[in-house]
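Student: Sequence and predicted structure, then a few things I'm wondering about:
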Amino acid sequence: MKINYNGTTIEVKDNLSLHSFVTELQLESRTIAAAVNEEIVPKKNWENFFLQEGMTVDIFNLVAGG
Amino acid sequence: MTDKLTLAGKSFDSRLIIGTGKYASGEILAKACKESGAQIATMAVKRIDTQDHTDEIISPLLDMGIQLMPNTSGAKNAKEAIFAAQLAREALEVDWIKVEVHPDVKYLLPDPIETFKACEVLCKEGFKVFPYINADPVLCKRLEDIGVSAVMPLGSPIGSARGLDTLSMLKIIIRESHVPVIIDAGIGAPSDAVKAFEIGADACMINTAIAAAGDQLKMARAFNLAQEAGRMAYKAGLADKIETSRATSPMEAFLKEAMK
């Protein structure tokens, strides 16, 4: 299925949890937050949150800034 | 220093807040933080770039026990600022948020209306809110009324190194405020920080002045000394300014005697 990830359309496998998606991107150990369709999904819900066709997934982190 | 800075119920020995932008590496940033003595550092929330590991700036700061103050930089309105604050809290598990809303990219001046709206919501959501604002005493009081943890009026535009262009308004804000006043933006030299502390600022936020210095660690140290000197001068009480002179030696009497 196709999803929109950080502004780009990408192909991911079906029945993919948000946790698995983050793990596949090797981001699981980093200081991040995730939003799906512009709603924040708390980390504790990632394992039970399954992505669906056409969803918009944004992953954010903290970067240098004043 | 014995007089501690208290922000949102936490005490700090240092009165400097370090902005983490524009440093060449996380290592230099961490060293600069150490030299400055700062115990609080800001950072921004961005969509992740998987090729970019600049978020590694955070680990050394956490190891040093630095209080993180994420900001909402990039937000053009209250809605975006609230979203950025919620993302930062989710990512860092920190409820401190520096609210920045500056739609204008030329001067990066904060939008007072959108900033106020964002602060109102974030205070209700339990955030410790630190709004970056223009040096407007009335806005400061309105923000104080809704429960912000401090106000962060600017000295001059972000990164401009122009110092305290807003000095007279900053003095009013400091005199009237019941929450800590952190002078943010525009501080270009340690002398600006000394001035800020002399007029009674509770803290100063420094980024470009250190990050863009020829020797960042030396400049960080200079700001550390500046906060100590400025704060000590404030606590000591400055002499009043007067229009005429005030003799410091008994010279007049001696000259009168010689003229006879």
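Tutor: Cool, the structure landed. Numbering: from 1, shown residues only, chains lettered A, B, ... in the order given.

Student: what residues are up against residue 32?
Tutor: With no chain named, the answer covers chain A. Contact partners of residue A:32, counting by CB atoms under 8 Å, 6 or more residues apart in numbering or on different chains, are A:22, A:59, A:60, A:61, B:48, B:91. Placement of C-beta: from N, CA and C, glycine included.

Student: that's the wrong chain, I wanted chain B
Tutor: Residue B:32 sits next to B:18, B:23, B:210, B:211, B:216, B:217, B:219, B:220 when contact means CB under 8 Å, 6+ apart.

Student: For chain A, tell me which of the residues you listed show up nearby.
Tutor: residue B:23 (CB under 8 Å from any CB of the partner chain).

Student: Can you tell me which of the contacts of residue B:32 lies closest to residue B:158?
Tutor: Closest approach to residue B:158 among the contacts of residue B:32 (CB to CB): residue B:211, at 12.3 Å.

Student: Dump the C-alpha coordinates for the top strand by length along chain A into CSV.
Tutor: With residue count as the measure and DSSP state E as the assignment, chain A has strand A:56-64 as its longest strand. Backbone C-alpha positions of strand A:56-64 (Å, rounded to 0.1, in the frame of the first residue of the first chain) are rendered in CSV as follows:
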residue,chain,number,x,y,z
THR,A,56,-0.1,10.7,6.0
VAL,A,57,2.7,9.8,8.4
ASP,A,58,5.0,12.5,9.7
ILE,A,59,8.0,11.8,12.0
PHE,A,60,9.6,14.7,13.9
ASN,A,61,12.8,15.0,15.9
LEU,A,62,14.5,17.7,17.8
VAL,A,63,17.3,19.6,16.0
ALA,A,64,19.6,22.5,16.8
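
Student: got the residues of the stretch 101-250 of chain B near chain A?
Tutor: On the criterion CB under 8 Å from any CB, chain A has as its neighbours in the stretch 101-250 of chain B the residues B:158, B:159, B:205, B:207, B:208.

Student: give me the low-pLDDT residue ranges for the stretch 151-260 of chain B?
Tutor: Confidence mapping of the stretch 151-260 of chain B against pLDDT under 70 gives the ranges B:251-260.

Student: which residues of it fall in strands?
Tutor: Along the stretch 151-260 of chain B, the segments classed as strands by DSSP state E, counting those that start in this stretch run B:152-153, B:182-184, B:203-206.

Student: before we move on, back to that, for the longest strand of chain A, which positions count as buried?
Tutor: Counting neighbours by 16 or more other CB atoms under 10 Å in any protein chain shown, one finds that the buried residues in strand A:56-64 are A:57, A:58, A:59, A:60, A:61, A:62, A:63, A:64.

Student: if we look at chain B, which of these are close to it?
Tutor: The subset of the buried residues of strand A:56-64 lying close to chain B, counting by CB under 8 Å from any CB, consists of A:58, A:59, A:60, A:61, A:62, A:63, A:64.

Student: Alright, I will stop here.
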